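my questions concern the predicted model and sequence given below.
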Amino acid sequence: MADCLKEKTIGSRSINVNPNLIQSVTAVKGIGEESAELLAEMNIYTVKDLLEYFPYRYEDYRLKDLAEIKHDERVTVEGKVHSEPSLAYYGRKRSRLTVRVLVGRYLIQVILFNQPYLKNKIVLNETVTVTGKWDQHRQVITASELKIGNASGNKDFEPVYAVKGNVSVKGIRRFIKLAFSQHGNEISETLPEKYLLQYRLLNRRDAVRSLHFPADEQELKQGRRRFVYEEFFYFQLKMQALRKIEREQSKGVAQAYDLSKLMEFIDSLPFDLTGAQKRVVNEIMSDLKSPYRMNRLLQGDVGSGKTAVAAIALFASRTAGFQGALMVPTEILAEQHAESLKSMLEPFGLRCELLTSSVKGKRRKDILQHLRDGEIDILIGTHALIQEEVEFNKLGLVITDEQHRFGVGQRRILREKGENPDVLFMTATPIPRTLAITVFGEMDVSIIDEMPAGRKAIETYWAKPEMLDRVLGFMDKELSAGQQVYVICPLIEESDKLDVQNAIDVHATLMHHFHGRYDVGLMHGRLHPEEKESVMKAFSRNEIQVLVSTTVVEVGVNVPNATMMVIYDAERFGLAQLHQLRGRVGRGDKQSFCVLLSDPKSEVGKERMKIMTETNDGFALSEKDLELRGPGDFFGRKQSGLPEFKVADMVHDYRALETARNDASMLVESDEFWHSDEYLPLREYLKEAGVLEGEKLD
């Protein structure tokens, strides 16, 4: 059965599908082999595929008042013919038909191209219905359609379908109409009745009809509402079942940590935890106590205090008798984390060690031996932690920072160093909640959405390229006060295709400008990792005062003395990336600044610059970025682990996504779901989707 359904999108697959709907489209009277071949090019093979081939937009034929229509908007109006039509030919077989029509109090001109046959049909004083683009300044409608008579009896909405090859929109409309008239009554319900009643959703057959043949706007809205919920529900059912199975089959270890010692450690920290940090710590502690393995994503903006939360989690695990590991992407970041964790944990008798590829010889050998003997409590390092020679005595907690920088395989190897240790992934990339619960649906997500008190917000300014001299003056002022500056460029070298400032040219310009006064360094993706590390270390030690770099500087480095960042051609970056870059400054106690050098040509580009100067909230920016760019481009590449939906939109329908997630989560956690016949079709769906092997979980 599944083989017949060659669907590429998230749908309800074979849940309650009438066998007649899984027949070839040729089962529809009026669709022959030739048409079936054309439809196959559009991935339409079965009657079900055809019925679920939904429009991507609708032509709105509702009559409008011209007083309310904006310039260049598409409009349908009704009026009386006020002049004899005039027909003019130009070029080969091209024509232009012009007629004046009285619409309410407006006398407008209607222009129709290449429809000369209408000249003899348009009669003075007769009513016509015109659809086209309204030119408010010239009082002209360039019409795509003109119908003789009034609009009554016409449809308000006409579906428009994506087509390819020799299939026309009219053709696909006709095929769908035939399929629905012959097989519409065979469409079965796929959602549990309790959700239909709870949310007053249309039944599946009526919802299919209302998407293809809506009588009015309300019916269209209800049909769409039903399918948005259905698509999200089935996707989340899969995610939540995966999460449950992963958790229950991973036989974690319940860590009985010492609460009084943990409270003593938290009280010793030189700062008070924010409300968000306390909430997140409680979520992590609950996971540690649980017999299931923790699989949690911790999101927190730059400077929100993720390291303190990691230290608390590692300390708690140690009081339960376990070792901890923290893996980060670069050596310099590993060194900074090691320094930070040692200052917090060593006063309490915990031994922290750093292991990177730079640690060699006897020192390395000793660390590995002490780790095996259980004498090292916390090991901090780069991917060196996952090498075969690294053996823990009793690993209980694995924390991976900037987890997207490591491959799934690398993260898995570290996890396998212990007996199902708890796993915490951390990221400073604010991912919008809608994407987090979709892409990371099988993980628990914790968010630190509050900054520590007293932290100074970075002041952000938008400057046009012609203001560069003023920006250089600003840089001079910061440098003369003993501070350091980042300068970020989109490309390494000059490109014929893109007129953007490149790192090599900017480096040469700044070397000349600051000659004899300050050292200017250069970093980009073509340098070897060792060279990058060397440049970053020189900058962190203030041996370089100005660092010109591409976006490779984006993640993790802590240079409190850097108080200014200048980003060339800032419109070329997404909001989330700009925010990540900006987060490299503002790490000390001095006021920090970010200057966006940009001359955006598009409205979206201007909007980005405006938003960046108005907010420092990474989560607010990430939501806005998602709106401006769409989910497919949010991660910088198309469809990065994102599902495709036929009707639903993760950005605009995020409330429905959250509702569906909560419903699916509660359902899979209930005994009833795994034993009741009512939910047998849903369990069959999970089996077919490869989530379940047997009928129910043990």
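Arrived safely. Numbering: from 1, shown residues only.

Gly32 is in contact with Ser24, isn't it?
No: with contact defined as C-beta atoms under 8 Å, Gly32 does not reach Ser24; the gap is 11.0 Å. Backbone N, C-alpha and C define where each C-beta goes, glycine included.

neighbour count for those two, which is higher?
Neighbours per residue, other C-beta atoms under 10 Å: of Gly32 and Ser24, the larger number sits with Ser24, 16 against 11.

would you mark the buried spots in stretch 267-279?
Neighbour counts over stretch 267-279 (16 or more other C-beta atoms under 10 Å) mark Leu273, Thr274, Ala276, Gln277 as buried.

now find how far off-centre it is within its chain.
With C-alpha atoms, centre = their mean, to the nearest Å as the basis, stretch 267-279 stands 30 Å off its chain's centre.

for Gln222, what are its contacts?
By C-beta atoms under 8 Å, 6 or more residues apart in numbering, Gln222 lies in contact with Leu201, Leu202, Ala207, Ser210.

could I get these in CSV, plus columns for neighbour count and secondary structure?
Shown next, in CSV, are the contacts of Gln222 (neighbours: other C-beta atoms under 10 Å; DSSP: H, G, I helix; E, B strand; the rest coil):
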residue, neighbour count, secondary structure
Leu201, 20, coil
Leu202, 19, coil
Ala207, 23, helix
Ser210, 22, helix
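
identify the farthest-apart pair in these.
For the contacts of Gln222, the farthest-apart pair by C-beta to C-beta is Leu201 and Ser210; their separation is 11.5 Å.

now Glu375: how far from Gln323?
Going from Glu375 to Gln323 by C-beta to C-beta, to the nearest Å gives 10 Å.

next one: Met263
22 Å.

looking at these two, which has the bigger crowd around it?
Between Met263 and Gln323, counted using other C-beta under 10 Å, Gln323 has the larger neighbour count: 25 against 10.

that one contacts Phe392, correct?
Yes: between Gln323 and Phe392 a contact is recorded at 5.2 Å, counting by C-beta under 8 Å.

so Gly336 is in which element?
For the record, residue 336 is Gln, not Gly. Using DSSP states H and E, Gln336 sits within helix 331-345.

in what helix or strand does Glu145 lie?
Using DSSP H and E, Glu145 sits within strand 140-148.

pull the residues that contact that strand.
Contacts for strand 140-148 (C-beta under 8 Å, 6+ apart): 75, 77, 108-113, 115, 118, 121-122, 126-135, 154.

all helices of the stretch 301-450 of the chain, in order?
306-319, 331-345, 361-372, 408-415, 433-439 (DSSP state H, counting those that start in this stretch).

now mean neighbour count too, for these, in a markdown table please.
Output for the helices of the stretch 301-450 of the chain, formatted as a markdown table (neighbours: other C-beta atoms under 10 Å):
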| stretch | mean neighbour count |
| --- | --- |
| helix 306-319 | 24 |
| helix 331-345 | 20 |
| helix 361-372 | 14 |
| helix 408-415 | 15 |
| helix 433-439 | 21 |
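
with distance to Tyr58 and mean pLDDT added, can I get those in a markdown table?
Below are the helices of the stretch 301-450 of the chain laid out as a markdown table (distance: least, C-beta to C-beta, whole Å; pLDDT from 0 to 100):
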| stretch | distance to Tyr58 | mean pLDDT |
| --- | --- | --- |
| helix 306-319 | 46 | 95 |
| helix 331-345 | 51 | 88 |
| helix 361-372 | 64 | 93 |
| helix 408-415 | 41 | 57 |
| helix 433-439 | 25 | 66 |
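
looking at these, which is nearest to Asp589?
Asp589 lies closest to helix 331-345 among the helices of the stretch 301-450 of the chain, at 16.4 Å (C-beta to C-beta).

between the closest one and helix 306-319, how big is the angle?
60 degrees (axes from the mean of the first three to the mean of the last three C-alpha atoms, to 10 degrees).

which helices and strands does helix 331-345 pack with?
helix 306-319, strand 352-355, strand 378-381, helix 529-540 (3 or more C-beta pairs under 8 Å, 6 or more residues apart in numbering; DSSP states H and E).

at 10 Å what do you get?
helix 259-268, helix 306-319, strand 323-327, strand 352-355, strand 378-381, strand 395-401, helix 529-540 (3 or more C-beta pairs under 10 Å, 6 or more residues apart in numbering; DSSP states H and E).

what would these look like in a markdown table with distance to Glu283?
Putting the helices and strands packed on helix 331-345 into a markdown table (distance: least, C-beta to C-beta, whole Å) gives the following:
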| stretch | distance to Glu283 |
| --- | --- |
| helix 259-268 | 15 |
| helix 306-319 | 10 |
| strand 323-327 | 18 |
| strand 352-355 | 24 |
| strand 378-381 | 21 |
| strand 395-401 | 14 |
| helix 529-540 | 33 |
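
in three-state terms, label Tyr486 for me.
strand (DSSP: H, G, I helix; E, B strand; the rest coil).

so which helix or strand takes in the residue nearest to it when sequence neighbours are not counted?
What sits nearest to Tyr486 in space, not counting adjacent residues and going by C-beta to C-beta, 6 or more residues apart in numbering, is Met565, at 4.3 Å. Using DSSP H and E, Met565 sits within strand 562-568.

where does pLDDT dip in the stretch 451-600 of the chain?
Low-confidence segments of the stretch 451-600 of the chain (pLDDT under 70): 492-501, 553-557.

where do the strands of it begin and end?
Secondary structure of the stretch 451-600 of the chain by DSSP state E, counting those that start in this stretch: the strands cover 459-463, 484-488, 520-523, 546-549, 562-568, 593-597.

nearest to Thr615, out of those strands?
Short answer: strand 459-463, nearest of these by C-beta to C-beta, at 8.9 Å.

touching the closest one from outside, list them.
467, 470-471, 474, 564-567, 570-571, 578-579, 582, 586, 591-600, 606, 608-616 (C-beta atoms under 10 Å, 6 or more residues apart in numbering).

okay then, goodbye and thanks.
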